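> Can you look at this prediction? I've put the sequence above it.
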Amino acid sequence: MISAKIENIIAKFLTNQASASELSELEIWIQDSNNKELFNLYVKINYAIEYNMKEFDSNKIKSKLSEAFAKEKKEIKLKKLRKIIYYSAAAVVLGIVTTTYFYRTSLVDKSIATPVKIVNNTIKAGTDKAILTLEDGSVVALEKDKTYEKDNVTSNGKELVYDNNNAKSGLAYNYLTIPRGGQFQVKLADGTKVWLNSESKLKFPVAFVEGQPREVELIYGEAFFDVSPSTEHKGAKFKVLNKNQEVEVLGTEFNIKAYKDEDKIYTTLVEGKVTVSGFSSKKYITPNQQSIINLKNGNITINPIDAYNEVLWTKGIFSFKSKTLKEIMTVMSRWYDVEVVFRNTELEKVKFNGVLSKNDNIKEILSIIKKTNFINEYEIKDQKIIIR
């Protein structure tokens with residue numbers, strides 16, 4: 001049971017009215033795993049309907065938090081409070097709403113809607129898995145709950161950890177490939193942590209050479225980097241290379257999305273400062289900014305963005321803000337390893353806002369979207385989704 005006091009704090013938090021002291025109390029309470037489950041269940045039951053009609057705006061929440069801190073003259077680091085925002089985002093899975101008036105017009109004829117058709121639904125959410133290619137060309141399948149150990153690298157089935165002290169002499173490279181329906185983490189020999197999303201591939205040295213730039217290559221896909229500061233490596237800078245871009249940092253947190261089937265590269269900065277170079281151009285970006293390289297013309301643009309919203313995928317949450325159904329289904333297709341076909345191409349343009357857990361059943365997600373009445377019908381057959 002949730003006490004009346006905690007219930008009141010949760011309600012105030014979701015309506016952006018909680019004080020700093022109340023937020024601290026809520027954070028301590030949520031740290032208990034049983035309480036976390038109660039929190040998620042409570043929000044789903046009591047706030048799902050309301051959040052179906054509203055945007056989940058983390059910027060607004062952070063603004064309200066700042067106001068509360070100023071009033072009470074109490075410093076609480078934003079990092080410490082991210083946990084609460086992550087939990088609330090996971091809880092309001094049903095918070096998917098349309099945005100513009102155009103998309104509220106009838107794109108489908110509700111009178112001819114047909115029942116959902118599901119044949120051999122074998123679609124499962126992604127999990128921890130990857131393929132490690134060693135310097136000698138041999139490959140190792142890494143899987144959830146499966147351990148691996150060799151030379152200076154170990155894995156617990158979720159993360160690879162490299163030890164620079166036990167590395168062999170000479171520069172050697174490994175490759176970590178994340179298939180569709182997979183995710184994995186790697187801690188490089190310099191202490192840098194990397195989260196890799198589905199359908200991604202990273203090339204990195206088994207050990208770094210002291211005094212030389214630390215370079216890795218995101219061959220394709222999406223990765224979040226928490227870089228070990230250069231001050232701990234005699235000033236050695238850290239670079240992330242891609243065939244169309246180079247990102248240089250001293251020590252920071254940032255996200256790069258560079259998928260093979262997309263014509264743009266997105267670099268989002270959470271903390272620190274980085275330079276982005278590509279097509280003879282060089283740009284600096286600061287926290288809560290995103291650089292976009294257009295691969296068709298080489299232009300680099302810088303836009304303001306809610307950085308934490310962009311990297312929630314590393315916490316098990318997909319967050320969509322004014323994304324088209326096509327963009328959402330592209331993300332879903334990678335994570336659930338499915339093919340998505342739109343019979344009505346106009347549906348690709350419909351925009352949604354919302355968050356959902358990466359553990360959700362794909363059928364539940366499609367059912368929620370269908371309830372908006374934009375989708376007339378969807379069909380699941382083996383690893384294929386047809387949207388009408």
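Right, received. Where do you want to start? Numbering: from 1, shown residues only.
> use CA for all of it now, contacts and neighbours both
Will do.
> how deep is the residue nearest to Pro304 when sequence neighbours are not counted tucked in, by neighbour count?
Once flanking residues are discounted, Pro304 sits nearest to Gln289: 4.5 Å by CA to CA, 6 or more residues apart in numbering. Using other CA atoms under 10 Å, Gln289 is surrounded by 18 other residues.
> Also Glu253?
For Glu253, the neighbour count with other CA under 10 Å is 21.
> for the chain, what are the low-confidence residue spans?
Within the chain, the ranges that satisfy pLDDT under 70 run 1, 14-17, 40-120, 166-170, 373.
> what about Ile292, is that helix, strand or coil?
strand (DSSP: H, G, I helix; E, B strand; the rest coil).
> who's in contact with the residue lying closest to it once chain neighbours are set aside?
Of all residues beyond its chain neighbours, the one nearest Ile292 is Tyr266 (4.8 Å), with distances taken as CA to CA, 6+ apart. Residues in contact with Tyr266 (CA atoms under 8 Å, 6 or more residues apart in numbering) are Asn255, Ile256, Lys257, Ala258, Gln290, Ser291, Ile292, Ile293.
> cool, and Ile131?
Shown in contact with Ile131 (CA under 8 Å, 6+ apart): Val139, Val140, Ala141, Leu142, Leu176, Thr177, Ile178, Pro179.
> Just give me the closest of the residues you listed to Glu346.
Comparing those against Glu346 with CA to CA places Pro179 closest, at 29.9 Å.
> if you skip the residues just before and after it, what's nearest to the closest one?
For Pro179, ignoring the flanking residues on the chain, the nearest one in space by CA to CA, 6+ apart is Glu199 at 4.7 Å.
> measure that neighbour to Tyr259 for me?
When CA to CA, to the nearest Å is the yardstick, Glu199 and Tyr259 sit 8 Å from each other.
> for Asp337, same thing?
For Asp337, the distance to Tyr259 - CA to CA - is 15 Å.
> before we move on, what about Glu27?
36 Å.
> before we move on, back to that, Glu199 and Tyr259 - which one has more neighbours?
The residue with more neighbours, out of Glu199 and Tyr259, is Glu199; 21 against 18, by other CA under 10 Å.
> isn't the more buried one right next to Tyr336, touching?
No. With contacts counted by CA atoms under 8 Å, Glu199 stays clear of Tyr336, the gap being 11.0 Å.
> Give me the common contacts of those two.
Arg180, Gly181.
> For Ser200, list the residues it contacts.
Ser200 touches Thr177, Ile178, Pro179, Leu218, Ile219, Tyr220, Gly221, Glu222, Ala223, Tyr259, counting by CA under 8 Å, 6+ apart.
> Return the subset of those lying in strands.
Using DSSP state E to define strands, the subset of these located there is Thr177, Ile178, Leu218, Ile219, Tyr220, Gly221, Glu222, Ala223.
> And the residue nearest the centre of the chain, how close does it get to Lys358?
Computing the C-alpha centroid of the chain and ranking residues by CA atoms, centre = their mean puts Trp313 first, at 2.0 Å. Per CA to CA, Trp313 is found 8 Å from Lys358.
> Ok, Glu143 next?
Glu143 sits 18 Å away from Lys358, going by CA to CA.
> ditto for Glu271
In this structure, Glu271 lies at 25 Å from Lys358, with CA to CA as the measure.
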